[in-house]
Structure formats: structure tokens, C-alpha cells
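J.: would you be able to build a 3D model of this:
(4 chains)
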There are 2 protein chains.
Amino acid sequence: MKSNISMKNIAKELNVSIVTVSKALNDKDGVSDELKLKIKDLADKMGYRYNMLAKSMRDGLSYNIGVIIPEHFLGDDKSYYFSVFKHLSQIMEKYQYCAILQVLNAEDENGVILPKFYYDKKVDGLIVLGQVNKAYIKALQNIEIPVVFLDFYDENTNVDSITVDNYSGAYELTNYLIKNGHVNISFVGDIYATSSIQDRYLGMCKSLLEHGIKLREDYVICDRDEHGKYIELKFPKDMPTAFVCNCDGVAYNLIIKLKEMGFRVPEDFSVVGFDNDIYATISDPQITTVEVDVEEMAGTAVKSILDKVKKENRSRGRSMIKGRIIYRDSVKKINR
Amino acid sequence: MKSNISMKNIAKELNVSIVTVSKALNDKDGVSDELKLKIKDLADKMGYRYNMLAKSMRDGLSYNIGVIIPEHFLGDDKSYYFSVFKHLSQIMEKYQYCAILQVLNAEDENGVILPKFYYDKKVDGLIVLGQVNKAYIKALQNIEIPVVFLDFYDENTNVDSITVDNYSGAYELTNYLIKNGHVNISFVGDIYATSSIQDRYLGMCKSLLEHGIKLREDYVICDRDEHGKYIELKFPKDMPTAFVCNCDGVAYNLIIKLKEMGFRVPEDFSVVGFDNDIYATISDPQITTVEVDVEEMAGTAVKSILDKVKKENRSRGRSMIKGRIIYRDSVKKINR
DNA sequence: CTGAAAGCGCTTACAG
DNA sequence: CTGAAAGCGCTTACAG
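T.: Here you go, the predicted model:
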């Protein structure tokens, strides 16, 4: 237990200087191989652990990156962000960095209270994972350390962002529906809620446009209120034959609702989602959706923030990570 | 942006010593109120941020606690642990501590590789959230910083632990079933997998014992293989009338299976779960289950680990957090 | 190949 | 009320 060995202890034991110990332990030149080995062995034996704090002090770098996940826009299924964080932290480890996570609650978000680890200078950079409100974004622009937005962007700021290519994803998903004979296609989602949802909506619009299909106004079905809470879906008088949902959770709810109304999916209605999260496979039928390479997304974010920390400050702007359609059982081919 | 103000800068600006600035900013005695105010104002104006690293160095304390969540035993639904972590980090903040999260993957768990933040002396203590294997537990016993187990315990170690009172929870749940006329009650879960499952199983046994009901051997139904993967449930020849499931996820699967077999829940079979997670409410019917006060659990863990860090080293042994039954629609009263 | 000196930003104990 | 000195554990730049 209680030991707390420092280089000083090792140096004294071996009658060498602390400088020499430091060089040996860091595999630097200027120590004979023999001595180096001896020092390393003793360090091991004494249970020496490197004190990152001391290096931090010298370098003026904490070797930590803060990750902020706003609770606000999270639904019941937090596992997606959890999974992203896991990858972030694993990738950072390779660069000798640790990830410190802060779940930002609504109160702190609205009060624009930055995480304690920022005020304590415990982090060298910030990754914001999930959309935060305008005021918070503004505050983030004025801080002293680099910031990267992950899984959302804000057009009014020049903060680099990494997002899923929502636009292309929804575009291809809609193309797939059209290829299967669908023309009357509805979008389910609050197109004012987040930029992700907007991009998904517009990706669908592009596909419709390309195929000369006009989107009816009442085919855009809102799924949540201004607090992000899901609301009862209001269907148009003339039902579409297919629904493009802004996420799998909503697709899941929609399918349940349709079944309650006595319809079958996909026989009566086709449904597609987005994200490939737990709701896509929990659903009956399982949902055709878009999956993102989380590891690639995380890797891009880490590289981006560490570049900035190291002042290799080339701005990357928006990076988009392409999704991949997962074909399942919620879409049926129909005859026009 | 780039400023990095230290106490030195403030001191120079005001022609006072660094010591005086330190005292003023920390609201200590030995500075006139007037000067104190002047210093604080200037610090604000210059955008001074306290450098926790420097304090850490002096104190030999990082003011971070590491949280380890093993991926291994996590099912699809990671939101429970995510939620516990959120509370942990929020509570720590009140004590001037930050939480650093490490998701422990199977590889590192089997190779008994402790998190980087331990080797870097970046944390003062460790909270292990979720059961890890024997070898890992053993390694944790020999490290230089205090450790607390959260949501599991190991009888062979003297590491303090905080767990849900699984035993009482399952006991009361089973009492409830018996009160509703059930006698043929089955347990669904691998009773060798984790101590939590064991305790839930034995809580049920106690209730049966008290009511003079003998548990048939074939009424203990295994739900997963040795890797923690769910397997097909094997029902006994004579079906019970009620199932006590070791968690809501399994209860959810069971209900689906029963419905596929043409049965109705709760009309033909009653089912209860544990945890009150997403599966309890996603299910049709919604599942009667046991909910834990996550905040209390997190608070107990934080207090426990910080006591140890501060050397107020009274061992607390096992702390149990009582659960609360959430009554829903998956249990039916029957006549014996 | 080896090491004495200075410094990272703070605080504590002590002196004035 | 104010501040000079020492030290936390390391590393860099320099001297021998």
C-alpha cells in the first residue's frame, strides 16, 4: 500500500542523480545501457509509478481532454453516446491522453456553466458530444482551450465539427424506398430540433427532388415538443406508404402505433430509421436503418482536438463520417 | 484565446507578492479586505483560471477519482451504468473532485491491465462499477490507492462495496407473488454468473422457505452462457405460474418468448424483473420490478472513497442500498 | 556518460 | 497585514 516512490528515491538508492533516473526511465540518450537497465529494474521493484502531474506542470499541459455530453437531447437510450465516449477514451489512451467525462445537465446548460475541469485547468481541450444550446455554444467559442463539436455542428461558429453524414444517409435511404416503388413518403421528426434532424430531412428532400416527387406539407410529422419529449404522432388524412424516421427510437414508436391502429409493417407501411441503435433490433419487424462507424468518428475527433492542442492548428471545418445502410425487414417492395 | 494567466501575472500587475494573491483568491486571512477585492477583480478581468495541477503537486493529490466500468458484464443496455456514473461525477464535483471514466474492455480485463490513469498517478482512488474477474480483483487489492466496489462485492476481499440490496429486493418481490396466490415460482438467471444474481436468487429462496414452498430444481432456468450471452430458455415440463427474472432484460425476452408460444402475460404467466431499466417499460405488458435509488448509491460510493483518500480510513464493509418495488402489469392474482 | 541549476504554479510555515 | 523561502516531482538546457 502506502509507498509513493519518486525518482528521488530511486536516485538515492542507486547513488545517481535524479536527472539520470529521468533519462533512463524515459529511454533517452545520455545514460549507459547498463545503468539504464539497473534503474528500470529497481523502479519496477520499488513499484514506481510515473507522476504525470509533474510533467503536466512543466509542460503546461494536463494531458486530459474533457468530453461534455449534454443530457438535454438524450433520449432514453444513452448507449450510443456512451459507446462513442468509450471509443474516444480508448483512442486518446494511445496518445497518452485521458478523457474526462462531464454529463451536462439542463440546469448547467441553461445557466451556461462550464465544467469544473475547465475552470481548474484540468483539460487541454474539449470535445462536445451532442448539441448544446446557442448560449452555451457562444460561451465555448470564447474559452482559452480548443474545442471540437462531435455529432453536431453550428453554422454560426467556426468551431470544427465531426458529424455523421446525415444528409447522404437519408438521401440513400430514401432512394432505396423509391427504388422499392414508394412515392408517398413521409418524414417523421421535428425539423427544427437539431441540425442532424434537419440534414436528414433535407437528404430525403434531395432524393424526392431528384425523382420529381413533391413532398406534401402534411407529410412532415412532428415527433417531439420543444423540450425534446416525444408527443403523439398526427397522421395526415391520406396516408403515405412509407415513413422516413429521424431516428430508430421514433421508428420503433411509430411501428407500435401503426400496429395498435390495426396495420401491419411492412405489409401496409414501410418504415426506415436512423442510427442502428437498440430500437432497430428490439422492434418487430426489425428496422432498416443507417449505421455509423463510431470508431472512425471518434478517431477523427481525437485527432482533430489533439492537433489543435499541439498548435498544429489547421482548421478542419466540418468532417463528415459516412453511414452504411443496414437492410432489415421494415420495408416492402410495392407496385406503383 | 491564448493567455494563461497565473498568480504571478496578477501579482506583478498589482505590485504585491504571489503569496498575497494566493491568500486573496483563496479567501484566507492575512490580506486586507480592500486588497483582497482588488485582487479578485483583477483576476476576473484577466480571465484567471486556477491551476489545479499546481495544487495537486503540492498536496500529492490529483483531485480525481477513477471510475472503471467493465464492458464484460454489460448487456445491450448500458444506460444504467451511464446513469450511475453521471451521479458519481455530479456528487464528486461538490467535493472538488473530478471523475475519470475508463470503460474496461474484455482484453484489458483478462490481461489484468489497470487503467492508464492509475499508472500515471492521475487519480487518488478507484471506484469499480460492475463486477470484474477474480484476477482483476486481486490486482486491485495490491494497488497503492483506495478502491471501492460499486454494484458488486467479492467475499474473498476486504474491499468496501456498495450494492443494491438484491437479497431483500428479490425476497419482497417473491413475497408479493406468493401473496397473489403463486406457489409454482421459477427463477430465470445464471446463478453462477455474478454475486448480484446469486443474491437475488437466494432472496427468492428465503421467501419460498418462509412460506414452506420447496423450489424444484428444474425451476431454475439458466439465461446465459459462460460469456454472458443470452441463450434460449429451457422451460421445465410442468410450467410454473410465475417467473422471477434476474433482470428486466431477461424478463423482457421471456415475455416475448411466452407470447410467441401462444401464451398471454400476465393471464397465463406472471413475470417480475429487476432494475427498472428501459426493458421494464418497453415491454408489453410493462414489468413489475425493483428500482434502486441510484443517487443514494452514488452518494454512498463517493463518500466512502473520499473518506479513504483522506485517510479517515474506517472500513465500511458492505453497504446495501434498499430497492423499491414498482408495481406494474405483469403479475396477476390467481387462486390456488 | 553524468549531474547541478532553474523552473512549471501553487501553498505552507515562518519572519517581519 | 505582507512577503521571502522552500518544496511538491519532474524535465530541459547546459556544463563538465
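J.: CA atoms for contacts and neighbours, from now on please.
T.: Fine.
J.: for chain A, which residues are neighbours of DNA strand D?
T.: A:4, A:6-8, A:18-19, A:22-23, A:26, A:49-52, A:54-55, A:57-58 (Cα under 7 Å from any atom of the strand).
J.: and those near chain B, which?
T.: A:4, A:49-52, A:54, A:57 (Cα under 8 Å from any Cα of the partner chain).
J.: possible to save the residues you listed as CSV with distance to DNA strand C, secondary structure and pLDDT?
T.: Formatted as CSV, those follow (distance: Cα to the nearest atom of the strand, whole Å; DSSP: H, G, I helix; E, B strand; the rest coil; pLDDT from 0 to 100):
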residue, distance to DNA strand C, secondary structure, pLDDT
A:Asn4, 17, coil, 79
A:Arg49, 18, coil, 90
A:Tyr50, 14, coil, 91
A:Asn51, 12, coil, 91
A:Met52, 11, helix, 91
A:Ala54, 6, helix, 91
A:Met57, 4, helix, 89
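J.: in the residues you listed, find the pair that's most separated.
T.: Across these, no pair lies farther apart than A:Asn4 and A:Met57, at 18.5 Å, counting by Cα to Cα.
J.: separation between the residue in the stretch 201-336 of chain A that DNA strand C sits nearest to and A:Lys303?
T.: Here the residue of the stretch 201-336 of chain A nearest DNA strand C is A:Val309; by Cα to the nearest atom of the strand that distance is 15.9 Å. Separation of A:Val309 from A:Lys303 (Cα to Cα, to the nearest Å): 10 Å.
J.: please apply the same query to A:Ile162.
T.: Distance from A:Ile162 to A:Lys303, by Cα to Cα: 11 Å.
J.: more crowded one of those two?
T.: A:Ile162 (23 against 14; other Cα atoms under 10 Å in any protein chain shown).
J.: give me the neighbour count for whatever residue of the stretch 151-300 of chain A ends up closest to chain B.
T.: Chain B sits closest to A:Ile278 of the stretch 151-300 of chain A, with a gap of 7.3 Å, by Cα to the nearest Cα. For A:Ile278, the neighbour count with other Cα under 10 Å is 16.
J.: with the one 4 residues further on instead?
T.: Residue neighbour count, defined by other Cα under 10 Å, stands at 15 for A:Ile282.
J.: what's in contact with the helix or strand harbouring A:Phe243?
T.: Counting by DSSP states H and E, the element that carries A:Phe243 is strand A:242-245. With contacts defined as Cα atoms under 8 Å, 6 or more residues apart in numbering or on different chains, strand A:242-245 is touched by A:174, A:177, A:182, A:184-189, A:204, A:251, A:269-274.
J.: now the helix or strand following that strand: average pLDDT?
T.: Using DSSP H and E, the helix or strand that follows strand A:242-245 in sequence is helix A:248-260. Average pLDDT, helix A:248-260: 94.
J.: and the strands in the stretch 51-200 of chain A?
T.: A:64-70, A:98-104, A:125-129, A:147-150, A:160-164, A:185-188 (DSSP state E, counting those that start in this stretch).
J.: out of the residues of chain A next to DNA strand D, which are buried?
T.: Using 16 or more other Cα atoms under 10 Å in any protein chain shown as the burial test, these include A:4, A:6-7, A:18, A:22, A:49-52, A:54, A:57 as buried.
J.: how much space separates the residue lying closest to A:Ile325 once chain neighbours are set aside from B:Gly169?
T.: Leaving aside its sequence neighbours, A:Ile325 sits nearest to A:Val290 (Cα to Cα, 6 or more residues apart in numbering or on different chains; 4.4 Å). As judged by Cα to Cα, A:Val290 and B:Gly169 stand 40 Å apart.
J.: kindly report the same for A:Asn276.
T.: For A:Asn276 relative to B:Gly169 (Cα to Cα), the value is 34 Å.
J.: those two: which is more packed in?
T.: The neighbour count for A:Asn276 versus B:Gly169, taken as other Cα under 10 Å, is higher for B:Gly169 (25 against 21).
J.: what's the nearest residue to the more buried one if we skip its chain neighbours?
T.: Nearest to B:Gly169 is B:Gly323, by Cα to Cα, 6+ apart, at 5.9 Å.
J.: right, and that neighbour touches B:Val292 too?
T.: Yes - between B:Gly323 and B:Val292 a contact is recorded at 4.5 Å, counting by Cα atoms under 8 Å.
J.: assign a three-state SS to A:Val271, would you?
T.: Three-state call for A:Val271 (DSSP: H, G, I helix; E, B strand; the rest coil): strand.
J.: that one contacts A:Thr288, correct?
T.: Yes - between A:Val271 and A:Thr288 a contact is recorded at 7.5 Å, counting by Cα under 8 Å.
J.: quick check: neighbours shared by the two?
T.: A:330-331.
J.: neighbour count: those two, which is higher?
T.: Taking neighbours as other Cα under 10 Å, A:Val271 and A:Thr288 compare with A:Val271 leading, 28 against 25.
J.: tell me what the more buried one is bridged to.
T.: A:Phe243 (DSSP bridges).
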